[in-house]
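> Can you look at this prediction? I've put the sequence above it.
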Amino acid sequence: DTEVTQTPKHLVMGMTNKKSLKCEQHMGHRAMYWYKQKAKKPPELMFVYSYEKLSINESVPSRFSPECPNSSLLNLHLHALQPEDSALYLCASSQRDIGDQPQHFGDGTRLSIL
Amino acid sequence: QKEVEQDPGPLSVPEGAIVSLNCTYSNSAFQYFMWYRQYSRKGPELLMYTYSSGNKEDGRFTAQVDKSSKYISLFIRDSQPSDSATYLCAMSDSWGKFQFGAGTQVVVTP
């Protein structure tokens, strides 16, 4: 079991649906990350929050909307996704700021867009 | 040219053999080096973390970093079928620039 918990583990949604992915960590980490991973590829960075503020947005389409309600929780709101958005979405955290390593990953949410 | 190069494999070894994995990089600002193991349908699990040149050992795992050659390695001794997974190298500079390698698929056959 990892110390970064992601829910749900699996999600199937239509292109017109709105859903959210949730990530929680209780290690006191202050940097949190969203990654997208396609099959047989390494994770690709989407967003970084540092001390609950959005620090990095890697030119992600606006149909993905991150939110950091508090230092332990990170959400990713999804709306009007495309079939190519089907992937494993990973959350990670690191202890201090965005330059701090290592990152600890959750097991991800496997998202399928119909 | 990619900043981090890692052979995607697959790398097939018999049980009990030593698994040897490596990555090369071009960005001399990278100073934190990590190896992650990822099983199918799971997230990356941190195996080794180092920020200096030299060797670091943890059980059956040894990580080596050679900053002068921009080369890092991971060795797995006495490999087991349960070591079959994808191994990702990753590295970072002090300002948050973080880069994964492509990942090497390892298959340990009984």
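Nice, I can see it.

> show me the contacts for residue 98.
Just so you know, I chose chain A. A:31, A:48, A:50, A:55-56, B:95-96 (Cβ atoms under 8 Å, 6 or more residues apart in numbering or on different chains). From N, CA and C alone the C-beta is placed, and that goes for glycine too.

> I was thinking of chain B, sorry if that wasn't clear
Here B:Phe98 is in contact with A:45, A:101, A:103, B:90-92 (Cβ under 8 Å, 6+ apart).

> next one: A:Arg63
Neighbours of A:Arg63 in contact, by Cβ under 8 Å, 6+ apart: A:78-82, A:85.

> what sits against B:Val106?
Here B:Val106 is in contact with B:9-13, B:19, B:21, B:76, B:83-87 (Cβ under 8 Å, 6+ apart).

> again, but for B:Gln6
By Cβ under 8 Å, 6+ apart, the residues touching B:Gln6 are B:21-23, B:88-89, B:101-104.

> Quick one: list the elements packing against the helix or strand of chain A with the lowest mean pLDDT.
Ranked by mean pLDDT, DSSP states H and E, the weakest helix or strand in chain A is strand A:53-57, scoring a mean of 91. On a contact count with 3 or more Cβ pairs under 8 Å, 6 or more residues apart in numbering or on different chains; DSSP states H and E, strand A:53-57 meets strand A:44-50, strand A:64-70.

> and the residue nearest to A:Arg63 when sequence neighbours are not counted, what pLDDT?
Computed as Cβ to Cβ, 6 or more residues apart in numbering or on different chains, the closest residue to A:Arg63 that is not its neighbour in sequence is A:Ala80, at 5.0 Å. Note on A:Ala80: pLDDT of 93.
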